[in-house]
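**Q** Compute the structure for the input listed below.
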Amino acid sequence: MTTKYSTTEWNNKKVILGETEIDEKKPVNLLIGFHGASSTPENILVLGNRLKLQNALMVFPEGPVNAGDDIWSWWEDGPRQKESVENFVTHTSQIIDSAHQHYLNIKGPLRTCLWGFSQGGAASLTYTLLGPHSLFKVASICGFLPEFPDRVVEKKGALNILGIFGSNDEVVPSFLADHALEEMKSHGHQVESKETTQPHEINLENLQDLCDFFNT
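**A** Coordinates of the predicted model:
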């Protein structure tokens, strides 16, 4: 199945859209893919392009924090992290609003899903806890949780969350990734946690796990 890609701007930020033929008689998954820190949408698009997804639309947004040299992050590290995470939540809510507005012509149910790698995985988990929008499924690869304000938005129900992390990850230690997933469980979400021997990467096995997760 061929995916057609296009680039646009939402709220003065670059967004790459990936579209395939869909059956509007069935629910459509809207997958928002978050790139890692100091990266670009193109880097996560290369991986997203390998996903064999059913009845799905893909959105690859650009992070709001300028890390220099045309690379971007979702929030700042350091003493302003909590405030920066709040800005990330607002920014992501605007992305979701813009995506639903862009696909307003889709007649079937449009189910918002989040996924990402590294800080992008952290972004998907963080928005699940702090974001006001309803979500369908969430996946994190080598993700963690940043510092954020002590508030969690009460969701209507538990979400299915897939968390993959590596025991040989030299960037996000496995205990941080595992802690993040345990935190998601503590808020009532159904978490499938998978520890592998991988370093800080997305591999073919991860991509297959993502396909199985989002296609069921």
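**Q** in which helix or strand would I find the residue nearest the centre of the chain?
**A** Residue closest to the mean C-alpha point of the chain, counted by CA atoms, centre = their mean, is residue 115 at 2.7 Å. Element membership for residue 115 (DSSP states H and E) is strand 110-117.
**Q** Quick one: work out the angle between the top helix by length along the chain and strand 110-117.
**A** Identified as the longest helix of the chain according to DSSP state H is helix 81-102. With axes from the mean of the first three to the mean of the last three CA atoms, to 10 degrees applied, the angle from helix 81-102 to strand 110-117 works out at 140 degrees.
**Q** Okay, now the unreliable bits of this structure?
**A** Along the chain, the model assigns pLDDT under 70 to residues 1, 155-156.
**Q** show me where it has helices.
**A** Going by DSSP H, the chain shows helices at 41-48, 81-102, 119-130, 174-186, 204-215.
**Q** I'd like those laid out as a markdown table, including distance to residue 69.
**A** No exception for glycine: its C-beta is placed from N, CA and C like everyone else's. Below are these laid out as a markdown table (distance: least, CB to CB, whole Å):
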| stretch | distance to residue 69 |
| --- | --- |
| helix 41-48 | 14 |
| helix 81-102 | 19 |
| helix 119-130 | 17 |
| helix 174-186 | 27 |
| helix 204-215 | 27 |
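**Q** hey, which of the ones you listed is tucked in deepest?
**A** helix 119-130 (a mean of 26; mean count of other CB atoms under 10 Å).
**Q** which helices and strands does that one pack with?
**A** strand 28-34, helix 81-102, strand 110-117, strand 137-141, strand 160-166, helix 174-186 (3 or more CB pairs under 8 Å, 6 or more residues apart in numbering; DSSP states H and E).
**Q** let's see it at 6 Å
**A** Helix 119-130 is packed against strand 28-34, strand 110-117, strand 137-141, with contacts defined by 3 or more CB pairs under 6 Å, 6 or more residues apart in numbering; DSSP states H and E.
**Q** Just checking: what are the partner strands of the shortest one?
**A** Using DSSP bridges, the strands paired with strand 137-141 in its sheet are strand 110-117 (parallel), strand 160-166 (parallel).
**Q** Output those in TSV; the columns should cover distance to residue 124.
**A** As requested, these are exported to TSV (distance: least, CB to CB, whole Å):
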stretch	distance to residue 124
strand 110-117	4
strand 160-166	9
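**Q** Tell me which of these approaches residue 95 most closely.
**A** Comparison of these against residue 95 by CB to CB identifies strand 110-117 as nearest, at 10.0 Å.
**Q** which residues does residue 119 contact?
**A** By CB atoms under 6 Å, 6 or more residues apart in numbering, the contact list for residue 119 reads 36-37, 74.
**Q** got the CA coordinates for stretch 6-19 in PDB?
**A** In PDB, the C-alpha atoms belonging to stretch 6-19 read as follows (Å, rounded to 0.1, in the frame of the first residue of the first chain):
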ATOM      1  CA  SER A   6       3.100  16.000   2.000                       C
ATOM      2  CA  THR A   7       4.500  18.900   4.100                       C
ATOM      3  CA  THR A   8       2.400  21.700   5.600                       C
ATOM      4  CA  GLU A   9       2.500  24.100   8.500                       C
ATOM      5  CA  TRP A  10       0.200  24.100  11.600                       C
ATOM      6  CA  ASN A  11       0.600  27.000  14.100                       C
ATOM      7  CA  ASN A  12       3.800  28.100  12.300                       C
ATOM      8  CA  LYS A  13       5.500  24.700  12.700                       C
ATOM      9  CA  LYS A  14       6.300  22.100  10.000                       C
ATOM     10  CA  VAL A  15       4.200  19.000   9.900                       C
ATOM     11  CA  ILE A  16       4.600  16.000   7.600                       C
ATOM     12  CA  LEU A  17       1.500  14.000   6.700                       C
ATOM     13  CA  GLY A  18       1.400  10.400   5.500                       C
ATOM     14  CA  GLU A  19      -1.800   9.300   3.900                       C
END
